[in-house]
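Enquirer: Here is my input, please return the structure:
(one chain, ligands or ions: 2)
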Amino acid sequence: MILFDYHTHTNFSDANYGFDELLEELKKTDIKIIGITDHFEKNLMQSVKVSKSEYEKAFGVFRDKCFDCGITAVLGAEVGMKEKEFLPSDNLPDVSYIIASFHQMPEKGSMTEKEYWEYYMNVVEYGLKNFRFDIIGHIEGYMPVAPFMHEEASFDERRSTEKLFAKKYFSLDWYEKISKIMHDRNIAIEIHGGSKSPRIEVLSVMKKNNVKFSFGSDTHSLVQLKKHREYFDYAVKELDLKETDFIKLGGEVCRK
Ligand SMILES: [Zn+2]
Ligand SMILES: [Zn+2]
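Expert: Ligands and ions are numbered 1, 2, ... in the order given. So this is what the prediction gives:
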């Protein structure tokens, strides 16, 4: 069992618990390396509001408490991008790593469905080629499917709709192409627990091209810390992923 999680939030951004509550929950799990990646993104409502120093201080207290419990806490950040622009906020702390995720898709307007998803892919591809970060977050999860859904669509409905679009537009040839860029630029692919993505066949392309893997539960409420590991455990088994297949942050990736 691989005992890390490189993508979690706190109530400094949009999770519903603080550092102390997270630590209490961590003690009930086998997780030995915890990556904290609150949103530090320009023009994103849920982005961290406090200053860099205030945030670093709060994280420092958490890191020390974790250490006393045998848990390594690593500070990261989740940063967004848009067309040809990377969006770290001005209060971005001194982080050990950055997850880049695409959160700010423009209005669909007159774009066709195909144009809309091609736009999405182009932003991601441009980011992979040009921006400095360590992990591409939820590349085909938490996709901006709202324009194609009824307003009350549930979390699960959104997830199944995004899977259809990913399959339809994000071809394995595209993944072949971007996996080479990722390998060259040392960017890991995130296995995203919250959306159970990317598809196994995508992860398989990444493995073939020696792209490193990351795992992130993207926890925003404490029950997700365990619940969002299901797809990760499945993917590790399915692809026979080894410790060396993962990006290393904050020490050795632990195993039981
Ligand atoms: Zn995100
Ligand atoms: Zn996140």
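Enquirer: going forward, measure contacts between C-alpha atoms and count neighbours the same way
Expert: Noted.
Enquirer: Just read off the phi/psi values of the residue of the chain positioned farthest from its centre.
Expert: Farthest-out residue of the chain from its mean C-alpha position, per C-alpha atoms, centre = their mean: Ser110, at 29.6 Å. With angles defined as degrees, to the nearest 10, Ser110 sits at phi -90, psi 0.
Enquirer: can you give me the helices in the stretch 1-150 of the chain?
Expert: Listed in chain order, the helices of the stretch 1-150 of the chain (DSSP state H, counting those that start in this stretch) span 19-27, 52-68, 113-130.
Enquirer: Check what contacts the longest one and list those residues.
Expert: Under the criterion C-alpha atoms under 8 Å, 6 or more residues apart in numbering, residues 81-86, 102, 105, 108, 136, 139, 169-170, 178, 181-182, 185, 187 lie in contact with helix 113-130.
Enquirer: can we see that at 7 Å?
Expert: 82-84, 108, 169, 178, 181-182 (C-alpha atoms under 7 Å, 6 or more residues apart in numbering).
Enquirer: If you rank these by neighbours, which is first?
Expert: Counting neighbours by other C-alpha atoms under 10 Å, Met182 leads the contacts of helix 113-130 with 24 neighbours.
Enquirer: did I read that right, Lys177 in a helix?
Expert: Yes - applying DSSP: H, G, I helix; E, B strand; the rest coil, one finds Lys177 inside a helix.
Enquirer: give me the low-pLDDT residue ranges for this structure?
Expert: 1-2, 250-256 (pLDDT under 70).
Enquirer: quick one: contacts for Ile189?
Expert: By C-alpha under 7 Å, 6+ apart, the contact set of Ile189 is 135-136, 212-214.
Enquirer: Is it part of a helix or strand, or is it coil?
Expert: Three-state assignment for Ile189 (three-state DSSP): strand.
Enquirer: ok, the residue lying closest to it once chain neighbours are set aside to Asp38 distance?
Expert: Excluding the flanking residues, the one nearest Ile189 by C-alpha to C-alpha, 6 or more residues apart in numbering is Phe213, at 5.0 Å. Distance of Phe213 to Asp38, computed by C-alpha to C-alpha, to the nearest Å: 20 Å.
Enquirer: The residue nearest to Ile189 touches Ile247, doesn't it?
Expert: Yes - at 5.9 Å, Phe213 counts as touching Ile247 under the criterion of C-alpha atoms under 7 Å.
Enquirer: Common neighbours of those two, please.
Expert: Taking C-alpha under 7 Å, 6+ apart as the criterion, Phe213 and Ile247 both touch Ala188.
Enquirer: ok so, going back, more neighbours, Phe213 and Asp38?
Expert: Asp38 (27 against 23).
Enquirer: can you pull the contacts of the more buried one?
Expert: By C-alpha under 7 Å, 6+ apart, the residues touching Asp38 are 9-10, 13, 48, 77-78.
Enquirer: Ok, Ala100 next?
Expert: Going by C-alpha under 7 Å, 6+ apart, Ala100 touches 78-80, 133, 135-137.
Enquirer: Now do it against Ser171, distance only.
Expert: Distance from Ala100 to Ser171, by C-alpha to C-alpha: 21 Å.
Enquirer: and if you look at Lys42?
Expert: Using C-alpha to C-alpha, we find Lys42 at a distance of 30 Å from Ser171.
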